[in-house]
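For reference, the sequence and a predicted model appear below.
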Amino acid sequence: TSEPCLVYNAKFGRLMLIYRSQRHEGLVYRDAASVEGPWSGEKILTADDEHGACVSPSAVMSDANGSLYIVSSLLN
């Protein structure tokens, strides 16, 4: 696991929690309409075997289309 990042996506009206999952060996996100949940299951963003180990994600921007831009450190 790594430090999580919580961001609100205005287009979809959803909170997104982004973090490193050891179970899926990569970055994942879970989403919910409110902090109290219910939260979705883990949805894979990146896999270590494709991109290397991404850790400490930070959402830096969300555009009008709802796309989320994430900066993460890469461990090789």
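It's in.

switch to C-alpha atoms for all contacts and neighbour counts from now on
Will do.

so where's this protein uncertain?
For the chain, applying pLDDT under 70 flags the ranges 1-2, 74, 76.

If we use 90, what do you get?
In the predicted model of the chain, residues 1-12, 16-28, 44-76 satisfy pLDDT under 90.

three-state assignment of the residue nearest the centre of it?
Taking Cα atoms, centre = their mean, the centroid of the chain lies closest to Ile18, which sits 2.5 Å from it. The three-state label given to Ile18 by DSSP: H, G, I helix; E, B strand; the rest coil is strand.

Nearest residue to it in space, please, no chain neighbours.
In space, and not counting its chain neighbours, Ile18 is closest to Tyr29: 4.3 Å by Cα to Cα, 6 or more residues apart in numbering.

Give the full set of residues in contact with that neighbour.
Contacts for Tyr29 were tallied using Cα atoms under 8 Å, 6 or more residues apart in numbering; they are 16-19, 42-45.

ditto for Ile18
Shown in contact with Ile18 (Cα under 8 Å, 6+ apart): 4-6, 27-30, 57.

re earlier: name whatever forms a beta bridge with the residue nearest to the centre of the chain.
With beta bridges defined as DSSP bridges, Ile18 has these partners: Cys5, Tyr29.

Ala59 versus that one, what's the distance?
Counting by Cα to Cα, to the nearest Å, the separation of Ile18 from Ala59 is 8 Å.
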